[in-house]
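Q: Could you work out the structure for the sequence below:
(one chain, ligands or ions: 1)
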Amino acid sequence: MDIDKQHLNSTDDAREIDDEIAVVIEIPDSDPFYDKKKKLLEDMGFDPLGSVQIKSSSTPDQLKNFLDVLLRMARVKNFSEVELYFSRDVIDLGDYTNPRNELLALHAILESIDKSLSSKINRSKNVLHNLQNSIIDRIHTLGSKFVEETKIVEDSSCDKEQCLLDWTVKNGVKTKLEIAYVEGAGRGAIATEKLEVGDVALEIPVSIIISEDLLHESDLYPILAKIDGISLETMLLLWSMKEKHNKSSRFKLYFDTLPEHFNTGLSFGTNAFMALDGMLLLEEILQAKEHLRTQYDELFPALCNHHPDVFPPELYTWEQFLWACELWYSNSMKVIFGDGKLRTCLIPVAGFLNHSTFPHIMHYGKVDATTNSLSFPLSRTCHAGEQCFLSYGRLSSSHLLTFYGFIPQGDNNPFDVIPLDIDLGEDSDCKASEWGTHMVRGTWLSKNHEIFHYGLPSLLLDHIRKARDPEWWSSGNEILDNELDILRDLTSTFEGMMEGFGDENLDDGERASWDVKLAMEFKNLQRKIVSSILTSCNAGCELIERELKKLAN
Ligand SMILES: C[S@@+](CC[C@H](N)C(=O)[O-])C[C@H]1O[C@@H](n2cnc3c(N)ncnc32)[C@H](O)[C@@H]1O
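A: Numbers count the residues shown, from 1 in each chain. The predicted structure follows:
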């Protein structure tokens, strides 16, 4: 196979040059991590602005290699900051980092190939079709490796949800989902038939999306518009506090399905806060809540005093305000409308989709101008009767706990990191690292536990090595001694962190309240991460001691 890396054009595209097909997986200039991704691709031996080419007469083996190269580039293109930070160990091994990123990468290549096929410029359509089929096969294989089991709670009634669904269908919604209670997550959306890659699970016309347009028609708007600095999101939140009680609201059936309590971190009680003692999360939740309280105090009771007819005081209490904040944090979606404007919306039915770290639906959020509706297409297969999961974004468990009130099952959330505030001393030239913050995550997510890696982030290790000795790699026999010192220092840092977490939470099981259970679950996850780092440091020390012994003999 002739894999040439030649600069062709500025968009992801596939085109034919004589009997050659070139596929470009380019990182857009607007990518905030453009420079870091570019450097990583260069380190991997690829031209970051380049294309990969293959002859239309290629053998199946050559096609496979071609796809492997495209995939390695597409993974980097789709990295978030956190994935980029932890990428070095897997990049060297040529393996994928996590199933979510892999799915994005496979779809990025599919998109490229689709563009080429639709432009009908290829005489080599067979090759592109073969590539498409290989990608779909890889998506199926990936999907079959990570099955998230959903248990439906059979004895819970979904009458209100069914009424809402019927109303939305009458108003143009097309759906292949039904609503049911699922264990541990409230309501969820279940596939009524097998949904394949590209099938649309849900299509919502713009006319039933709750957005700022409704606000403009309301009696709140002329008053709120006069307040300096108030955002449209806040105005809409205040609108929803009142609309919820409006018996003739067009969206009454939607409001009827909303829970009385959202149970997010913002509603944690004192015992849950005590269970979070020693965790950064405690400070984060307190700050978020304080910010909301300040916002509330700036508006109330003034609005109720000056306009009691429009802002009835009994509807605008602090408790109701917090409820609305939780509603918008946990249920809203950002949508780009036909006019190109991004609006924060509440979307009936789509609001029943739960989140997964390996979702079925990842590409949504842009209104289709031809149908004037919002589609939720499948990025991987969802079998009939299986819960169809959405991606709420690349979110850590601490964010999900604070704003959504849950922690994803399993320990495979790639965005669960512990930021480090490492002090490398006054004299260190490495203080201004190109990474503002170093971080760690569960070392079970790392694929390289060999000497000099230990399952720990390479960027962190290199940073510490250089801070101790800028010429560390040329320090001959001392390298191993230095490594041992670094691992021992890290051990003492993380032992200190573990002590700061306090005693292990003994699971009170059913007796604990929802918030204490959630806080304990979070603390146990943090302990697990730190414990994995301590285990890796320990294993690393043993590796080095073995090497030192060999050298001594
Ligand atoms: C957009 S709503 C999804 C529908 C929601 N389950 C309901 O019954 O209304 C978001 C909320 O669903 C729940 N949720 C979403 N994904 C979840 C998951 N993977 N595990 C547990 N709860 C989840 C959380 O309570 C979150 O705040």
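Q: Make sure residue 517 is indeed in a helix.
A: Yes: counting by DSSP: H, G, I helix; E, B strand; the rest coil, residue 517 is part of a helix.
Q: mind listing the strands in the protein by residue range?
A: 5-7, 13-17, 20-24, 50-55, 174-175, 177-182, 186-191, 200-205, 332-336, 342-346, 367-368, 373-377, 418-420, 438-440 (DSSP state E).
Q: What helices and strands are in contact with the fourth one?
A: In terms of contacts (3 or more CB pairs under 8 Å, 6 or more residues apart in numbering; DSSP states H and E), strand 50-55 is packed against strand 5-7, strand 20-24, helix 60-77. In short, each C-beta sits where N, CA and C put it, glycine included.
Q: who wins for proximity to residue 481 among the ones you listed?
A: helix 60-77 (34.9 Å; CB to CB).
Q: tilt between the closest one and strand 20-24?
A: Here helix 60-77 runs at an angle of 20 degrees relative to strand 20-24 (axes from the mean of the first three to the mean of the last three CA atoms, to 10 degrees).
Q: How about helix 60-77, which residues are buried there?
A: Neighbour-count burial for helix 60-77, counted by 16 or more other CB atoms under 10 Å, picks out 63, 66, 67, 69, 70, 71, 72, 73, 74, 75, 76, 77.
Q: Give me the distance between the last one and residue 141.
A: Which is residue 77. Distance, residue 77 to residue 141, by CB to CB, to the nearest Å: 21 Å.
Q: With the third one instead?
A: Per CB to CB, residue 67 is found 13 Å from residue 141.
Q: do residue 453 as well
A: Taking CB to CB, one finds residue 453 at 27 Å from residue 141.
Q: So these two - more neighbours on which side?
A: Taking other CB atoms under 10 Å, residue 453 and residue 141 do not tie; residue 453 has more neighbours (20 against 9).
Q: Quick check: closest non-adjacent residue to that one.
A: Excluding its sequence neighbours, the residue lying closest to residue 453 (CB to CB, 6 or more residues apart in numbering) is residue 89, at 5.7 Å.
Q: what number of residues lie near the residue of the stretch 201-350 of the chain found nearest the ligand?
A: Residue nearest to the ligand within the stretch 201-350 of the chain (CB to the nearest ligand atom): residue 330, separated by 3.5 Å. Neighbourhood size, residue 330 [other CB under 10 Å]: 20.
Q: can you pull the contacts of it?
A: If you count contacts by CB atoms under 8 Å, 6 or more residues apart in numbering, residue 330 has them with 262, 264, 403, 404, 405.
Q: for residue 539, same thing?
A: Counting by CB under 8 Å, 6+ apart, residue 539 has contacts 449, 454, 455.
Q: Nearest to residue 192, out of these: which one, please.
A: residue 455 (42.7 Å).
Q: If you drop the residues flanking it in sequence, what lies closest to that closest one?
A: Nearest non-adjacent residue to residue 455 (CB to CB, 6+ apart): residue 443, at 3.5 Å.
Q: Would you mind measuring from that neighbour to residue 417?
A: In this view, residue 443 and residue 417 are 12 Å apart by CB to CB.
Q: Show the pLDDT at the residue nearest to residue 455.
A: On pLDDT, residue 443 comes in at 97.
Q: Around the ligand, pick out the residues from this structure.
A: Residues of the chain lying close to the ligand (CB under 6 Å from any ligand atom) are 184-188, 330-331, 351-352, 354-356, 404-406, 408.
Q: remind me which residues of this structure are low pLDDT?
A: Across the chain, the ranges flagged by pLDDT under 70 are 1-18, 50, 90-93, 119-123, 423-433, 475-476, 505-509.
Q: From the recorded domain assignment, give the ranges for it.
A: 5-145, 165-285+306-404, 418-552 (automatic domain parsing).
Q: As a markdown table, those with distance to residue 151 would be great.
A: Formatted as a markdown table, the domains of the chain follow (distance: least, CB to CB, whole Å):
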| stretch | distance to residue 151 |
| --- | --- |
| domain 5-145 | 20 |
| domain 165-285+306-404 | 4 |
| domain 418-552 | 17 |
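Q: between these, which one is nearest to residue 292?
A: The nearest among these, by CB to CB, is domain 165-285+306-404 at 5.5 Å.
Q: What is the end-to-end distance of that closest one?
A: 23 Å (CA to CA, to the nearest Å).
Q: Renumber starting at 238 from here on
A: All set: I'll call the first residue 238, so the last point we hit is now domain 402-522+543-641.
Q: quick check, distance from it to the centre of its chain.
A: 17 Å (CA atoms, centre = their mean, to the nearest Å).
Q: got it, and stretch 696-713?
A: Distance of stretch 696-713 from the chain centroid (CA atoms, centre = their mean) equals 33 Å.
Q: Just the C-alpha atoms of that stretch, please, in PDB.
A: Once non-C-alpha atoms are left out, stretch 696-713 reads as follows in PDB (Å, rounded to 0.1, in the frame of the first residue of the first chain):
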ATOM      1  CA  LEU A 696       3.100  14.300  30.700                       C
ATOM      2  CA  LEU A 697       3.100  14.400  34.500                       C
ATOM      3  CA  LEU A 698       6.100  12.100  34.800                       C
ATOM      4  CA  ASP A 699       8.100  14.000  32.200                       C
ATOM      5  CA  HIS A 700       7.300  17.300  33.900                       C
ATOM      6  CA  ILE A 701       8.500  16.000  37.300                       C
ATOM      7  CA  ARG A 702      11.600  14.400  35.700                       C
ATOM      8  CA  LYS A 703      12.600  17.700  33.900                       C
ATOM      9  CA  ALA A 704      11.900  19.700  37.000                       C
ATOM     10  CA  ARG A 705      14.300  17.600  39.000                       C
ATOM     11  CA  ASP A 706      16.900  17.400  36.200                       C
ATOM     12  CA  PRO A 707      16.500  19.000  32.800                       C
ATOM     13  CA  GLU A 708      19.000  16.500  31.400                       C
ATOM     14  CA  TRP A 709      17.400  13.600  33.000                       C
ATOM     15  CA  TRP A 710      17.500  11.300  30.000                       C
ATOM     16  CA  SER A 711      21.300  11.600  29.800                       C
ATOM     17  CA  SER A 712      21.900  11.000  33.500                       C
ATOM     18  CA  GLY A 713      23.100   7.400  32.800                       C
END
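Q: For it, list every residue counted as buried.
A: 696, 697, 698, 699, 700, 701, 702, 703, 704, 705, 709.
Q: Tell me how far the residue nearest to the spatial centre of the chain lies from residue 468.
A: Centroid-nearest residue in the chain: residue 631, 1.4 Å away (criterion: CA atoms, centre = their mean). Separation of residue 631 from residue 468 (CB to CB): 24 Å.
Q: Likewise for residue 419?
A: Distance from residue 419 to residue 468, by CB to CB: 34 Å.
Q: Could you do residue 416 as well?
A: Counting by CB to CB, the gap from residue 416 to residue 468 is 31 Å.
Q: now do residue 515
A: Taking CB to CB, one finds residue 515 at 34 Å from residue 468.
Q: Of all the helices and strands packed on strand 287-292, which one is nearest residue 723?
A: helix 297-314 (27.7 Å).
Q: May I have that closest one as PDB, with CA atoms only?
A: Only the C-alpha atoms of helix 297-314 are listed here, as PDB (Å, rounded to 0.1, in the frame of the first residue of the first chain):
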ATOM      1  CA  PRO A 297      -8.200  -6.000   1.400                       C
ATOM      2  CA  ASP A 298      -5.100  -6.000   3.600                       C
ATOM      3  CA  GLN A 299      -4.000  -2.700   2.200                       C
ATOM      4  CA  LEU A 300      -7.500  -1.300   2.800                       C
ATOM      5  CA  LYS A 301      -7.300  -2.500   6.400                       C
ATOM      6  CA  ASN A 302      -4.000  -0.700   6.900                       C
ATOM      7  CA  PHE A 303      -5.300   2.400   5.200                       C
ATOM      8  CA  LEU A 304      -8.300   2.400   7.600                       C
ATOM      9  CA  ASP A 305      -6.000   1.900  10.600                       C
ATOM     10  CA  VAL A 306      -4.000   5.000   9.600                       C
ATOM     11  CA  LEU A 307      -7.100   7.100   9.100                       C
ATOM     12  CA  LEU A 308      -8.400   5.900  12.400                       C
ATOM     13  CA  ARG A 309      -5.300   6.900  14.300                       C
ATOM     14  CA  MET A 310      -5.500  10.400  12.900                       C
ATOM     15  CA  ALA A 311      -9.300  10.700  13.500                       C
ATOM     16  CA  ARG A 312      -8.900   9.700  17.100                       C
ATOM     17  CA  VAL A 313      -6.500  12.600  17.700                       C
ATOM     18  CA  LYS A 314      -8.800  15.000  15.700                       C
END
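Q: No further queries at this time; thank you.
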